[in-house]
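**Student:** fold the stuff below for me.
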Amino acid sequence: MTSISDRLFVALNVTLLFIITLLALFPLYYVFAVSFTDPTEFLRKGLVLFPTDWSLISYQYLLSNRSFLDATLVSGFLALVGTACSLVITSAGAYALSRKRLRGRRIMLLGILLTILFHPGMIPHYLLVRDLGLINSVWALILPVLTSGWYVLLMKGFFDSIPSELEEAAKIDGCTDVGIFFRIILPLSMAALAAFGLFYAVAYWNTFFSGVLYINDPDKRPLQVLLQIMLIDGSGVASGDFMNSIASEMTIPSETAKMAAVVIATVPILAVYPFLQKHFAKGAMIGSVKG
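**Tutor:** The predicted structure follows:
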């Protein structure tokens, strides 16, 4: 039987956690509510917590704006193509390093470890991208971050847990190393691929600093750079004054458009996560305890 002090302690903990949860969820609710608020109601009230007139006009305006659509397409390209390329490179490199017969394996692992411990910094990074001719190219946001040494080591630990007898049996049946990788190893690694794919997709979708550093063409800016301009600077986007054009239309206050843009930028990752959740914990942990 629990004492009064224990029950009081549990009640205080529950109350505190409930308050913290409300404080964490309130900004999300406010963004969602304002984005669906009728523009005339927002202009009339200024602060809307419980909108009475719901409207999609801010979303319609954003989805009909060329600059916003271009930025969304760029971020979508980064998330899809970048994630696919990163998973191929990371999984292929990790699988090769997990095979003990690979010559120079220890030296390669040491090199990967050095990339984790020591980073050259922003200026050498920029000079490399410039010398490769990637400035103002969408590939400048993918190739320099195509893989991560830490992810390679984690996935290597996952591949180490796969019995080598499967590979030997496949070779007896005449399967090549490439065939073993694509037909046996990858199907057994869906949990790890789902976990690391989510990591990569979130990183690519949220690309910001690289977009500011390497992209000068307004039509090639990722969505997060556009959001920074909308939410902080309030300056023009692309060839026209995006925020000024919103503010000039009395039926579409800039605040509702900002909140709608935030919702659009957040929803894709939230929509993907439930489909990967069942693989996420297993894939993220299994490579970290093997090796």
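
**Student:** tell me where the stretch 51-200 of the chain has helices.
**Tutor:** 57-63, 66-77, 83-98, 105-117, 122-131, 149-160, 164-172, 177-180, 186-188, 190-205 (DSSP state H, counting those that start in this stretch).

**Student:** quick one: these as JSON lines, columns for mean neighbour count, mean pLDDT and distance to Y214 too.
**Tutor:** No exception for glycine: its C-beta is placed from N, CA and C like everyone else's. Converted to JSON lines, the helices of the stretch 51-200 of the chain look like this (neighbours: other Cβ atoms under 10 Å; pLDDT from 0 to 100; distance: least, Cβ to Cβ, whole Å):
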{"stretch": "helix 57-63", "mean neighbour count": "19", "mean pLDDT": "86", "distance to Y214": "25"}
{"stretch": "helix 66-77", "mean neighbour count": "19", "mean pLDDT": "91", "distance to Y214": "12"}
{"stretch": "helix 83-98", "mean neighbour count": "20", "mean pLDDT": "92", "distance to Y214": "17"}
{"stretch": "helix 105-117", "mean neighbour count": "12", "mean pLDDT": "88", "distance to Y214": "20"}
{"stretch": "helix 122-131", "mean neighbour count": "12", "mean pLDDT": "89", "distance to Y214": "6"}
{"stretch": "helix 149-160", "mean neighbour count": "21", "mean pLDDT": "88", "distance to Y214": "22"}
{"stretch": "helix 164-172", "mean neighbour count": "12", "mean pLDDT": "82", "distance to Y214": "41"}
{"stretch": "helix 177-180", "mean neighbour count": "14", "mean pLDDT": "84", "distance to Y214": "33"}
{"stretch": "helix 186-188", "mean neighbour count": "13", "mean pLDDT": "85", "distance to Y214": "32"}
{"stretch": "helix 190-205", "mean neighbour count": "21", "mean pLDDT": "88", "distance to Y214": "14"}
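
**Student:** show me what counts as buried in stretch 33-42.
**Tutor:** V34, S35, F36, T37, D38, P39, E41, F42 (16 or more other Cβ atoms under 10 Å).

**Student:** wait, what's in contact with the fifth one?
**Tutor:** When you say that, I think you mean D38. By Cβ atoms under 8 Å, 6 or more residues apart in numbering, D38 lies in contact with P51, D53, W54, S55, I57.

**Student:** would a markdown table of the helices of the stretch 51-200 of the chain with distance to M259 be doable?
**Tutor:** Shown next, in a markdown table, are the helices of the stretch 51-200 of the chain (distance: least, Cβ to Cβ, whole Å):
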| stretch | distance to M259 |
| --- | --- |
| helix 57-63 | 7 |
| helix 66-77 | 14 |
| helix 83-98 | 27 |
| helix 105-117 | 38 |
| helix 122-131 | 32 |
| helix 149-160 | 34 |
| helix 164-172 | 51 |
| helix 177-180 | 49 |
| helix 186-188 | 41 |
| helix 190-205 | 19 |
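
**Student:** those: which one's closest to L213?
**Tutor:** helix 122-131 (6.5 Å; Cβ to Cβ).

**Student:** and for the closest one, what's in contact with it?
**Tutor:** I135, A140, P144, L213, Y214.

**Student:** any chance of those in TSV, plus distance to A169?
**Tutor:** Shown next, in TSV, are the contacts of helix 122-131 (distance: Cβ to Cβ, whole Å):
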residue	distance to A169
I135	49
A140	44
P144	39
L213	49
Y214	47
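
**Student:** make a PyMOL selection of whichever of the residues you listed turn out to be buried.
**Tutor:** The following PyMOL line selects those of these that are buried, judged by 16+ other Cβ under 10 Å:
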select buried, resi 140+214
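
**Student:** got the contact list for A71?
**Tutor:** R221, P222, L223, V225, L226.

**Student:** distance check, the closest residue to L188 other than its chain neighbours against S210.
**Tutor:** In space, and not counting its chain neighbours, L188 is closest to I162: 6.0 Å by Cβ to Cβ, 6 or more residues apart in numbering. To S210, I162 is 34 Å away according to Cβ to Cβ, to the nearest Å.

**Student:** and these two? which has more neighbours close in?
**Tutor:** Per other Cβ atoms under 10 Å, whichever of I162 and S210 has more neighbours is S210, with 21 against 16.

**Student:** burial check on the closest residue in space to N206 that isn't next to it in sequence, number of neighbours?
**Tutor:** Once flanking residues are discounted, N206 sits nearest to Q224: 5.7 Å by Cβ to Cβ, 6+ apart. Q224 has 19 neighbours, counted by other Cβ under 10 Å.
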